[in-house]
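*Asks:* Provided below are the primary sequence and the corresponding predicted coordinates.
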Amino acid sequence: MEKGRSFWELIWALLVLNLLCVLFIFNPPLNAKGNLGFFPNTASSDHGLAACLLEASSQEKTASPIFHPLPGTYDDPINVSLSCLTPGSTIYYTLDGSDPLTSSSRRQYRRAVNIAFTTVIKAVAIKEGLEASRVAEAKFVIRVSRPEAWPGPGEWHSLPAKIALSCSTPGASIFYTLDGSAPTRESLKYEAPIVLAKEELTSDKAKVIKAIAVKDDGSPDSFEATFVYQPKPDLIMLTDILQPGVDTKEVIEKVISEMTLEEKVRLVWGVSNSPIGAAGNTFAVPRLGIVSLELADGPAGVRLNGRTATAWPNPLTLASSWNVSLLEQIGAAVGREAKYYGVDIMLSPGMNIHRDPLGGRVFEYYAEDPLLAGKMAAAYIRGLENQGVGATMKHYAANNFENNRTNIDEIISERALREIYLPHWAMAIKEASPWAVMTAYNKVNGEWCAENKYLLQALKEFGFAGLVMSDWGGYHNPVSYARGFDLNMPGRSGWEKLLEAVQNKVISEENLNQAIADILRVMARTETFKRQIYDKSEFAAKKQIAEELKAAHKILAVEAEAEGIVLLKNAGDTLPLRNLSRVALIGSTAVPEFRTIGSSPAKGIIFEGGGSARVNVDPDDVVSLAAALEKSGLSVLPKNAVYAYLQEGLTEADAQFAAENSEAALILISRPGQEGVDNTSLELTAAEKDMIEKVGKAYHLVGKKVVVLLNVAYPMVVDWDDYADAIVYIGLPGTYGALAVAHVLTGRVNPSGKLVDTWPRVYSLAPTYGNMPKTDQQNITYSEDIFVGYRYYDYHPEAVKYPFGYGLSYTTFSYQNLRLNRTTFNISNPVEPLVVTVDVENTGQTAGKEVAELYIKQLGSRMKRPVKELKQFAKTRLLEPGEQENLTFILSLRDFAFWDEKAHAWTVTPGQYEILIGGTSTEAGLMATGVKARLQVRK
Ligand code: BGC
């Protein structure tokens, strides 16, 4: 019986196999170029058939990965893509010969893998519920790279004394000749830099070096490289601009005319082998005084591999300070650390609009409102650039989410672009003259940002005079260079294609010249250029931030976090915690050991986000929340005498234990932030809510208070507040920010931060609900248009939990004496500004700072406009109880305008407007303590 069944099963299996193979023959898997896909371990399509048989024999197995292009011998580095016929499977691969199923060096396949030298790729596909595929193996033989010379050849003012040769293929040897003959494996073997004799240096004869690189692993020898060093005493160099009285523009033009086409192409194409661990660097042409620039991330501090720096509070939290001068100080501090390590240009600030709180990078950006984002960015840029370090505004434009960020096409109306997604770039350009802009990965209205005519043209219109670079891998086509784009990052290999594009007239050499002029203008401002630093070994040797910088920046970092903390709820003056000695710190993140949560590092608090904004810190420097509380004089309840914290999953008895043994509960709720993926929910988990409820009930039963600290990378839904007496947003506070949290809790600092986003009651009420892209979505229409953040919620107040601009204080403020220098504004006389003044008074018992927000509202507009818009803001100094400060705001006609899509221009309609000033954004909130005045705009 048993035997009989297996016989029929075998016949059945063979039939299925047959059918599968017939299907395969008639529908072979085609790769991108329409060639037959390659099955691993096979050399021809016959073997492909065999592989098919193998695959099909086990229906439970995932199909093996397929390589494209086919394994074989190639002259140049190639990009190999991997795919799998089993939908929904994940591919892992190794490049070091190890088993992709188990190896610790295996990587998940996300994008094409660059293969620059002979390599065996091993790959496996895995799908849940199925057996893993067979390991596919493919050998790509790549010709050894042509040797390179340092410094590079060409015409020299005076020849370099030493010339080093190198080859980017690991393990390759170089052979060279000095007499013009073709090098072979029998020629001089390169072992040390070639030293030119004194007479060679002074002679007017060219020095010729010819070289090849070889390797004994079956890779073909490199092509021959010829380096000619020709003396030219009247050579114009970029360093000539350092002479007094010379015309910079003219020198730059002449330097460009001295460059070879290859040098030009390489200068606009990053090198990215930074000696100081930066995200990228540029190509140097020493013969012309052109140095290599170091470009380092990022928005939360200087990120250099293998080097420590200060992690500042995340930008969203910095912006919550609404403190322009603070942002300028942070910029300067980042600039000092950058300079210390030899960084020329920072890849910050991040400036995208918080279109939706689920956007994976909102923690790296400033706000949902362009005016606030623009003011913060401009201040940071000024501070940074005053230190002689360049800023890069990124990611231009509309990189408002992460899902499919490198492919998605965002359809955005011109009005939404002009009113929401572009004004802050224009403002930062006007107020701070940033050195650089980084284009975003995404497309906007059909074109990649790196080649987007509309966006690149708009930059010019805003007066941008710096350099435009791509996000890492965000460059696609040479046409970018014809449209105002300057630098492909990280670049590395592939510049030859750009060279061909110029030779084939796809773009003109003049296009390159313009890009180079932009790069050189920026370069001329750097220390590296002014000091002509080519050897960076002194910088490369630094691994730790200098003690004096560290100490000074610690003070500023604590101040910054303190200014950004937002007090959301404070029932019955729960905070500050006065006359308490012992608190319970509850929540899994509070465990004060150094670890990674999601992809964000934590030590008793998630102190910074992951991805390119992650700063490398010395874990010993990071202050945990527990340590900070203890420093502030509060003892933290350890459970059962073990230094462990009560956390999610606690029982009623645990909560009761804590309530009996401490005087207040501090519950820490944490959410990491991460580039590359979007957030999935604004809700607390059931376990977190349960924890808050149990702790709330237990403490309230004995008349004690509960404080919830939101250590989160983005706004949260707060529907658990019945159990919390106080709620405090603390963001991702950076290396030292926990100290500031303790200062606010204990009343040493009075919180003065305000929300930079509207926090909805539930996410389903958000304007972009249902309109955030999925991971494979190809395009998205911004159907909410200009109604982003409070511009939407002002029409839907019922959806709001905490409004934009909202934040409590331990004191109260009132606004008086609103004065306008005139009550009419003439469109025909736009030059004369409108001057608005107001007095802000501290009417409470505690010294504090207030953020005054000025909104403009058009009354009876015939076209659909936001109810009101933020047009100015100011933060007072620390006001003692009873003290006043007079604030002045200057408005221009542009502040009353909307973008007219028909006219493609800003337009102001005559009519009645209101100016509202107060400490929040809702009209009811504004009117409770704030002031308003009317104004007539006339033709
Ligand atoms: C990020 C940029 C970053 C760059 C270099 C990219 O993935 O989007 O913000 O500057 O990497 O690290």
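*Replies:* Noted; the coordinates are in hand.
*Asks:* which bits of the stretch 301-450 of the chain sit near the ligand?
*Replies:* 347, 394 (CB under 6 Å from any ligand atom). For the C-beta atoms, the positions are set from N, CA and C on the backbone; glycine is no exception.
*Asks:* from the stretch 351-500 of the chain, which residue is nearest to the ligand?
*Replies:* The stretch 351-500 of the chain approaches the ligand most closely through residue 472 (3.8 Å), counting by CB to the nearest ligand atom.
*Asks:* so that residue sits against residue 297, correct?
*Replies:* No: taking contact to mean CB atoms under 8 Å, the distance of 9.7 Å between residue 472 and residue 297 leaves them out of contact.
*Asks:* more neighbours, these two?
*Replies:* residue 297 (27 against 20; other CB atoms under 10 Å).
*Asks:* leaving out chain neighbours, which residue sits closest to the more buried one?
*Replies:* Among residues not flanking residue 297 along the chain, residue 303 sits closest, at 4.0 Å (CB to CB, 6 or more residues apart in numbering).
*Asks:* would you point out the helix or strand in the chain whose mean pLDDT is lowest?
*Replies:* Ranking every helix and strand in the chain by mean pLDDT, DSSP states H and E puts helix 45-57 at the bottom, with a mean of 41.
*Asks:* rewinding a little: now do the shared contacts for residue 472 and residue 297.
*Replies:* The contact sets of residue 472 and residue 297 overlap at residue 279 (CB atoms under 8 Å, 6 or more residues apart in numbering).
*Asks:* so which strand or helix has the residue of the stretch 351-500 of the chain closest to the ligand?
*Replies:* Counting by DSSP states H and E, no helix or strand carries residue 472.
*Asks:* for the ligand, what are the nearby residues on the stretch 551-700 of the chain?
*Replies:* Neighbours of the ligand within the stretch 551-700 of the chain, by CB under 6 Å from any ligand atom: residue 612.
*Asks:* which stretches in the stretch 551-700 of the chain count as strands?
*Replies:* In the stretch 551-700 of the chain, the strands defined using DSSP state E, counting those that start in this stretch lie at 566-570, 582-586, 594-597, 600-603, 635-636, 664-671.
*Asks:* make a markdown table out of these and add mean pLDDT.
*Replies:* Putting these into a markdown table (pLDDT from 0 to 100) gives the following:
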| stretch | mean pLDDT |
| --- | --- |
| strand 566-570 | 98 |
| strand 582-586 | 94 |
| strand 594-597 | 93 |
| strand 600-603 | 96 |
| strand 635-636 | 90 |
| strand 664-671 | 97 |
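*Asks:* still on that earlier bit, next SSE downstream of the least confident helix or strand of the chain?
*Replies:* According to DSSP H and E, the helix or strand after helix 45-57 is strand 66-68.
*Asks:* and that next one, what does it pack against?
*Replies:* On a contact count with 3 or more CB pairs under 8 Å, 6 or more residues apart in numbering; DSSP states H and E, strand 66-68 meets strand 78-83, strand 136-142.
*Asks:* now with 7 Å?
*Replies:* Other helices and strands packing on strand 66-68, by 3 or more CB pairs under 7 Å, 6 or more residues apart in numbering; DSSP states H and E, are strand 78-83.
*Asks:* let me know the angle separating the strand it packs on from strand 136-142.
*Replies:* Strand 78-83 and strand 136-142 are oriented at 170 degrees to each other (axes from the mean of the first three to the mean of the last three CA atoms, to 10 degrees).
*Asks:* now strand 78-83, how far from the centre of its chain.
*Replies:* With CA atoms, centre = their mean, to the nearest Å as the basis, strand 78-83 stands 26 Å off its chain's centre.
*Asks:* neighbouring strands of that strand in the sheet, and parallel or not?
*Replies:* Using DSSP bridges, the strands paired with strand 78-83 are strand 66-68 (antiparallel), strand 113-115 (antiparallel).
*Asks:* residue in the stretch 151-300 of the chain with the shortest distance to the ligand?
*Replies:* Closest contact between the stretch 151-300 of the chain and the ligand, by CB to the nearest ligand atom, is at residue 279 (3.7 Å).
*Asks:* pretty sure that residue contacts residue 302?
*Replies:* No: using CB atoms under 7 Å, residue 279 is not in contact with residue 302, being 10.7 Å away.
*Asks:* that older thread, output the strands paired with strand 78-83 in JSON lines; the columns should cover distance to the ligand and mean pLDDT.
*Replies:* Below are the strands paired with strand 78-83 laid out as JSON lines (distance: least, CB to the nearest ligand atom, whole Å; pLDDT from 0 to 100):
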{"stretch": "strand 66-68", "distance to the ligand": "24", "mean pLDDT": "97"}
{"stretch": "strand 113-115", "distance to the ligand": "15", "mean pLDDT": "94"}
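*Asks:* which of these is buried the deepest?
*Replies:* With neighbours defined as mean count of other CB atoms under 10 Å, these peak in mean count at strand 66-68, which reaches a mean of 23.
*Asks:* what's the helix or strand following that strand packed up against?
*Replies:* Counting by DSSP H and E, the element after strand 66-68 in chain order, helix or strand, is strand 72-74. Under the contact criterion of 3+ CB pairs under 7 Å, 6+ apart, strand 72-74 touches strand 136-142.
*Asks:* how about the helix or strand immediately after the strand it packs on in the chain, which residues are buried there?
*Replies:* The helix or strand immediately downstream of strand 136-142 is strand 148-150, counting by DSSP H and E. Residues of strand 148-150 classed as buried: 148, 149 (neighbour count, 16 or more other CB atoms under 10 Å).
*Asks:* same thing with stretch 99-118?
*Replies:* When burial is assessed from 16+ other CB under 10 Å, stretch 99-118 yields the following buried residues: 100, 106, 109, 113, 115, 116, 117, 118.
*Asks:* try stretch 141-152
*Replies:* 141, 142, 143, 144, 145, 146, 147, 148, 149, 151, 152.
*Asks:* likewise for stretch 316-330?
*Replies:* Quick answer for stretch 316-330 (16+ other CB under 10 Å): 316-324, 326-330.
*Asks:* for residue 897, see how far away the nearest residue to residue 858 once chain neighbours are set aside is.
*Replies:* Sequence neighbours aside, residue 913 is the residue nearest to residue 858 in space, at 5.4 Å (criterion: CB to CB, 6+ apart). Counting by CB to CB, to the nearest Å, the gap from residue 913 to residue 897 is 11 Å.
*Asks:* try residue 159
*Replies:* From residue 159 to residue 897 the distance is 60 Å (CB to CB).
*Asks:* which one of the two is surrounded by more residues?
*Replies:* Comparing residue 159 with residue 897 by other CB under 10 Å, the one with more neighbours is residue 159, at 22 against 17.
*Asks:* and for the closest residue to residue 845 other than its chain neighbours, the neighbour number?
*Replies:* Spatial nearest neighbour of residue 845, chain neighbours left out: residue 881 (5.5 Å); criterion: CB to CB, 6+ apart. Burial measure for residue 881: 14 neighbouring residues, criterion other CB under 10 Å.
*Asks:* distance check, the closest residue in space to residue 691 that isn't next to it in sequence against the ligand.
*Replies:* Leaving aside its sequence neighbours, residue 691 sits nearest to residue 648 (CB to CB, 6+ apart; 5.0 Å). Counting by CB to the nearest ligand atom, to the nearest Å, the gap between residue 648 and the ligand amounts to 32 Å.
*Asks:* noted, bye for now.
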